[in-house]
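S.K.: using only what follows, build the 3D model:
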Amino acid sequence: RRGQAAALAAAARAAWGVELPVVPRHGGDARLGFLWAGPEQWLALAPDAPEPLEQELRGKLDGLASVAEQGDGRVLLHLSGPRARDLLAKLVAVDLHPRAFRAGDTAITLAAHIGVQLWQVDEAPAYRLLAFRGFAGSLSAAIVAAGEEYGIEVLARG
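M.R.: Below you'll find the model as predicted:
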């Protein structure tokens, strides 16, 4: 909420030990992470949360942030392997060189003309792409096509 950025950051630090990123970065850990999504905007991610994440966020950030659940409207794709950077370089207009884009960095960009939020998970490198669910098939097809020359392997996860 307007004017609450400092209080919100303090509440996130107190509740989860997380620093909310103020630049295009990922903050947090595997249990709960926050992706910078614009000035004073974050996407919260908790893949194995025991209760709905929205409830936890509302309970701890009441009055400091507007919370909207978006989990059913997005798809999360994970890319890893020795040629993951090369594959993504064919799809995005982001400098993925290790000097320019490192673990924890995020970008809101286009991948094969589809809006995505991309972030580098680790130095291996592994990446995650978050896109609107309606574009999942097209984005997956573009990734497979871009990865054919590298022997891409698709692993489904339910």
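S.K.: which parts of the longest strand anywhere in the chain count as buried, going by neighbours?
M.R.: Longest strand in the chain, counting residues (DSSP state E): strand 114-122. Taking 16 or more other Cβ atoms under 10 Å as the neighbour-count basis, strand 114-122 is seen to contain the buried residues 114, 116, 117, 118, 119, 120, 121. Using the backbone N, CA and C atoms, a C-beta is placed for each residue, glycine as well.
S.K.: after it, next one along is what?
M.R.: Per DSSP states H and E, the first helix or strand lying C-terminal to strand 114-122 is strand 126-132.
S.K.: give me the contacts around that next one.
M.R.: 35, 43, 73-80, 84-85, 88, 111, 114-121, 139 (Cβ atoms under 8 Å, 6 or more residues apart in numbering).
S.K.: check stretch 147-158 too.
M.R.: Applying Cβ under 8 Å, 6+ apart, the contact partners of stretch 147-158 are 81, 83, 86, 87, 140, 143, 144.
S.K.: wasn't the last one part of a helix?
M.R.: The reference is to residue 144. Yes - counting by DSSP: H, G, I helix; E, B strand; the rest coil, residue 144 is part of a helix.
S.K.: right, I'll call it a day here.
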